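Engineer: The sequence isn't on hand, but the structure is:
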């Protein structure tokens, strides 16, 4: 649809294509410098046509959004790296994220925070050569839930799926997956299914062909992947096909010519068992205990899931939940074996009845009573006559068992299969409080063990919606008895009792169709109730190493405890998983330990003890300097600290950040809290960087900082050695100490009291260091470290946390296994070998106890107990509150733009050279301090001064290069105080900033209402100013031919509706637009396009 070569009427492109078009065409066809006025092009939206672009090529806005955000054909995901789900649990995945700079951050620059050189980046994004990232990639984003969140990321999933559906409409063959390894069965299946169901349906000629799937699970996979289209499942397999693979039901069986695709579970006994003065049965109640039970099969629907699930439920369940002390048998199987005296519940599944899918002898014991049995645990009537519906009924009818758990059609199925004439009057069904005639289940809902979906044909959602899928549904809705038995395989496609087929494609799978879905979920959830299994969440190491180390150290039958581990992406994810019940425990420390209680409501059970001299589950933060830095009254105070470079273990780490920063923020005379004017930086990070003007190294990012959204803040990286990531050479306790020791005498390291010993410092090396205390410098000893004058605070060590309602049996077994059953403190290696202990405290491999752990301490697992243990709780709360810190309501904020600084000062603005950066920070910081001090003295109110921009002067043009701005903060600062500050500036005759003086002129502020006369005052510099440096406050204008190297403009607070400033300095509702260059003649020309009223409360030049 190019204007020059008209071809089409409409182009389907992405939102940026018209903007990119000139560059693309120039590269492909030659010089083309403009695509014309982009506002001539419109987007076709649901509500009509709308302009997507402004004439200048910017994106048009509507209701605060770019128009294309609501006028589009869909939103698609960018290129992404994909892998198998199990890869996410591997150490390789963790290493990959670290290499990309995504260990703790949600996003990272393509150069991984500077780890990768520009030439390496160029090679990396050369998609044609490397096949990896595309050439326009700037950042990488980590998906929050890589296993389950694909559709959240790939928002156009449905659109792509519909395109794929369209491909399916072209075929005519319906592919049936057969869960068998028999080639003869598959061949016979194709012949019968095509003969019975092939034909023309929904205007489409279709045929059926069967394919070998080998097993139920493999058929689920083949269908979900699109290899095959359909198969039939019932019971547990039907549940799993939806739960695990998202398959949907197309058509389902109906019995007794009923109008629903479901069946009822019944508990059937002989009539005589309910008769007499002391009947064996009085209903579906606790008299079932001790009886002999006949089930259709383990985890079969009517024979197991419905009755066992019903018995396990409720506050006073019929069947108590009993777990295998050895952890080898699923809880539902073990509970049933302890409840009934003998059982016949044959067959195995992929995960039971014993772990791993093996048999459990007590479930097969009663099956041995059958005549002709060759394998009592087999799920096959040829080998085990008591298997399946009719087998379970036979088990009860022949007297081997007392009760049979079957479905409502079983007696008819039995007569049909064996040619008998059994009558319902000879049997009774068990209701909640009585025995009843067989057909009473039709009128009394308490007489069923549950209602389950019948056997159904399943397929993907995409196939269900395709033309081929609709034709298949129409065909299969016609019941054909020939599909019941194929090649001698009974109930092959349809069950023996099927009387008709119902289309269920429009029914909600978990609702109207599969009403017993929650029963199936409950049975599966029972596996997790194994009191011997404790589920551990880790965020580092590997799940296998974790489980092996914990089971070797604490597990075994003697301790009645067994561990399984899962690897999550972060500590935060582990806390969420424990809170939700997906896992039981995790070990965290520092900020994550605080959040465990503050945000997730978890409590601590056991804590590490890292120092036997202190012997408590805590450690102390300290500020450490070289002995040479302790001259002339050095102490933990503002004067000393501001003369030092700060070395932190990492942003939001406990000893290196939370303790010292929290302590300093708590004392406004020591380190005032400041808010980033742009709101991009967390308050603790912004305040710390402003305070330590000599430089900071506080590496790593967390999910929400130091920049909002979890990005790096360069001002915290000035003194770091490498990329300022968690892997920086100066990160961690040892890194912070190295940062201080290896770089002169003007650095302070914020570490914990044991760091010198942990890092292996000799006594001589330790003697060269001192603790920076409130009363001066002291030797680095344990007593000094824990004293109030020397420690920056006392924090809890890493701790094992879990839910308040954590199973008491599990917790008791866990504490006993750790040696804490009858005592408050125990050695970390209690009852284990040296090898077991070394594996256990290898945090990088197991994700559990840290290497420094000497002992373990049992804690009171309550909220109150947590705060008694976590003594730095208030400091962590203060740090969290700083994220949203805003200037007080009665304060005024002054934002200053400066230019004309001395070249040696200005050179440090963006420099990576520490000495240059220090000079710049000290100059700007000194300016802010002095300006605040003098304004607060003059107006007797709180003022915050922030230099928001520093630029060089362009001496070749008469441009307004320097300005200072006074405005009310958007957060709602006091308008009265803002006016008071403004009035003081206007009425003052002079200000002194350091040794530089600025004097106000005698010119009066104009009150004119026309744009020709700006409402400002002129302030000129005095002769005392030197070197072109700016360090003061001035309000002024340029006059023709006059160039001031340094001018600071104050735009006075205006009332609403005020006029007098051109639109290039207009501020409306707190927003600010500033032209980079404004020539004097444009400003002075009342007829120029820049002349316009000021429509806001305040303004800035």
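Structural biologist: Now that the structure is in, tell me what you want to look at. Remember, it's a predicted structure, so these values are computed and weren't measured experimentally.
Engineer: Relative to residue 500, how far out is the nearest residue to residue 380 once chain neighbours are set aside?
Structural biologist: Closest residue in space to residue 380, ignoring its immediate chain neighbours: residue 387 at 6.3 Å, by CB to CB, 6 or more residues apart in numbering. (Glycine included, C-beta is placed from N, CA and C.) Per CB to CB, to the nearest Å, residue 387 is found 27 Å from residue 500.
Engineer: before we move on, what about residue 457?
Structural biologist: The gap separating residue 457 from residue 500 is 14 Å, by CB to CB.
Engineer: Give me the more crowded residue out of the two.
Structural biologist: More crowded of residue 457 and residue 500, by other CB atoms under 10 Å: residue 457, with 26 against 15.
Engineer: check which helix or strand covers the more buried one.
Structural biologist: Using DSSP states H and E, residue 457 falls within strand 456-459.
Engineer: mind listing the strands for the stretch 451-600 of the chain?
Structural biologist: For the stretch 451-600 of the chain, applying DSSP state E, counting those that start in this stretch gives strands covering 456-459, 498-503, 533-538, 562-567, 585-588.
Engineer: quick one: the fourth one to chain centroid distance?
Structural biologist: What it means is strand 562-567. 20 Å (CA atoms, centre = their mean, to the nearest Å).
Engineer: Also the last one?
Structural biologist: Per CA atoms, centre = their mean, the displacement of strand 585-588 from the mean C-alpha position of its chain is 17 Å.
Engineer: mean confidence for it?
Structural biologist: Computed over strand 585-588, the mean pLDDT rounds to 95.
Engineer: which secondary structure elements does that strand contact?
Structural biologist: Using 3 or more CB pairs under 8 Å, 6 or more residues apart in numbering; DSSP states H and E as the contact test, the elements touching strand 585-588 are strand 533-538, helix 571-580, strand 799-802.
Engineer: Show me the domain layout of the chain.
Structural biologist: Using automatic domain parsing, the domains assigned to the chain come out as 17-69, 85-155, 164-257+454-513, 262-453, 531-612+799-880, 620-796, 892-1084.
Engineer: so which of the ones you listed gets nearest residue 76?
Structural biologist: domain 85-155 (7.4 Å; CB to CB).
Engineer: May I see the buried residues of stretch 588-598?
Structural biologist: 588-598 (16 or more other CB atoms under 10 Å).
Engineer: roughly how far apart are residue 137 and residue 122?
Structural biologist: In this view, residue 137 and residue 122 are 11 Å apart by CB to CB.
Engineer: Compare the two and say which is more crowded by neighbours.
Structural biologist: Using other CB under 10 Å, the more surrounded residue of residue 137 and residue 122 is residue 137, with 16 against 11.
Engineer: ok, the more buried one - contacts?
Structural biologist: Residue 137 is in contact with 79, 110, 125, counting by CB atoms under 8 Å, 6 or more residues apart in numbering.
Engineer: Confirm it sits in a strand?
Structural biologist: No: read with DSSP: H, G, I helix; E, B strand; the rest coil, residue 137 is coil and lies in no strand.
Engineer: rewinding a little: which neighbours does the strand holding residue 457 have in its sheet, and in what orientation?
Structural biologist: The pairing partners recorded for strand 456-459 under DSSP bridges are strand 231-233 (antiparallel), strand 248-255 (antiparallel).
Engineer: Tabulate those (a markdown table), appending distance to residue 296 and mean neighbour count.
Structural biologist: Output for the strands paired with strand 456-459, formatted as a markdown table (distance: least, CB to CB, whole Å; neighbours: other CB atoms under 10 Å):
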| stretch | distance to residue 296 | mean neighbour count |
| --- | --- | --- |
| strand 231-233 | 16 | 25 |
| strand 248-255 | 15 | 24 |
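Engineer: If I average pLDDT within each of the ones you listed, which one is lowest?
Structural biologist: Looking at the strands paired with strand 456-459, the lowest mean pLDDT belongs to strand 248-255 (a mean of 90).
Engineer: after it comes which helix or strand?
Structural biologist: Counting by DSSP H and E, what follows strand 248-255 is strand 262-270.
Engineer: list the helices and strands the host helix or strand of residue 624 packs on?
Structural biologist: Using DSSP H and E, residue 624 sits within strand 618-626. Counting contacts by 3+ CB pairs under 8 Å, 6+ apart, strand 618-626 packs against helix 659-665, helix 732-741, strand 747-752, strand 769-773, strand 791-796.
Engineer: Could you identify which of the ones you listed is most buried?
Structural biologist: The highest mean neighbour count among the helices and strands packed on strand 618-626, using mean count of other CB atoms under 10 Å, belongs to strand 747-752: a mean of 28.
Engineer: I'd like the distance from that one to the chain centre, please.
Structural biologist: In terms of CA atoms, centre = their mean, the centre of strand 747-752 is set 32 Å apart from its chain centre.
Engineer: Over to stretch 921-939?
Structural biologist: On CA atoms, centre = their mean, the centre of stretch 921-939 falls 42 Å from that of its chain.
Engineer: List the buried residues for it?
Structural biologist: By neighbour count on 16+ other CB under 10 Å, the buried set for stretch 921-939 is 921-925, 927-932, 934-936, 938-939.
Engineer: Return the most buried member of the helices and strands packed on strand 585-588.
Structural biologist: Most buried among the helices and strands packed on strand 585-588, counting by mean count of other CB under 10 Å: strand 799-802, with a mean of 25.
Engineer: got the contact list for that strand?
Structural biologist: Contact with strand 799-802 is made by 575, 578, 584-589, 593, 596-597, 602-608, 617, 811, 859, 861, 869, as judged by CB under 8 Å, 6+ apart.
Engineer: Strand partners (parallel or antiparallel) of it?
Structural biologist: strand 585-588 (antiparallel), strand 603-609 (antiparallel).
Engineer: Redo those strands as TSV? Include distance to residue 204.
Structural biologist: Formatted as TSV, these follow (distance: least, CB to CB, whole Å):
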stretch	distance to residue 204
strand 585-588	55
strand 603-609	62
